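*Asks:* Sharing a model that was predicted from the sequence below.
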Amino acid sequence: MSYNYQKVNGPQGKDNSPGLKKNVLVAPRSWFDVLSPEADPDGDTVGRIKITGDHTFITGKGWIQLYTTLDTGQLTAEMVGDRDSKVQNPKVECKHPGSKEEIMAFADAAKNDEFICLVQGLNNEYLQLGSDGLEALIMGNYDSGKVSGGYKGWTFTIESFGKTFLYEGNITMLPEASGSGSSS
């Protein structure tokens with residue numbers, strides 16, 4: 001399974017806006033019924049980094065929307081490992097304001113779980129961190145800030161190993177407590 005090298009074009013007049021949108025979508029790995037694999041895993045095209053099928057959830061589950069303060073989220077994917085033995089280390093760092101009970105409970109529970117995460121770029125593409133067997137971890141750190149300034153809230157680091165995928169499947173949100181959910 002090798003990549004067939006070909007011409008790599010620039011933006012060609014299309015937007016290449018930096019940054020991430022505010023909401024990060026996360027779901028524990030145990031909530032998925034089916035994790036769609038990357039397209040054409042045996043091929044030699046860019047399809048090896050694209051997920052075109054839909055992830056499906058067990059009944060009553062879906063993506064959790066984690067609000068983050070605009071312009072605090074950043075995705076990096078550093079190459080790690082030794083020569084002839086490298087892998088990407090995708091990582092998102094973002095901030096969530098305040099110290100409300102639900103975010104404190106989320107941070108406490110998330111530290112011991114494994115996740116699949118989606119972040120949305122400003123050009124509306126979804127990037128996925130985590131895959132089957134290489135799930136993402138979510139770690140939260142709290143800072144009260146100072147009376148004179150600073151950010152009061154949580155800094156979350158979402159980290160995985162493997163590839164950063166383009167996710168093109170449907171997005172099923174976690175149903176509201178009343179039982180009404182949305183799908184887009």
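*Replies:* Right, received. Where do you want to start?
*Asks:* Okay, now the sheet partners of the helix or strand of the chain with the lowest mean pLDDT, with direction.
*Replies:* Of all helical and strand segments in the chain, the minimum by mean pLDDT, DSSP states H and E falls on strand 50-51, at a mean of 92. Neighbouring strands of strand 50-51 in its sheet, by DSSP bridges, are strand 165-167 (parallel).
*Asks:* Distance from the chain centre to the least confident helix or strand of the chain, please.
*Replies:* In terms of CA atoms, centre = their mean, to the nearest Å, the centre of strand 50-51 is found 13 Å from the chain centre.
*Asks:* contact partners of that strand?
*Replies:* Strand 50-51 has contacts (CB atoms under 8 Å, 6 or more residues apart in numbering) with Ser36, Pro37, Glu38, Ala39, Gln128, Phe165, Leu166, Tyr167, Glu168, Gly169. Placement of C-beta: from N, CA and C, glycine included.
*Asks:* Can you get me a residue count around the third one?
*Replies:* Applying other CB atoms under 10 Å, we find 19 residues neighbouring Glu38.
*Asks:* thought it was touching Arg48?
*Replies:* Yes - contact criterion CB atoms under 8 Å: Glu38 and Arg48 qualify, at 5.7 Å.
*Asks:* Buried residues, stretch 16-31. List them.
*Replies:* Of the residues in stretch 16-31, Leu20, Asn23, Val24, Leu25, Val26, Ala27, Pro28, Arg29, Trp31 count as buried by neighbour count, 16 or more other CB atoms under 10 Å.
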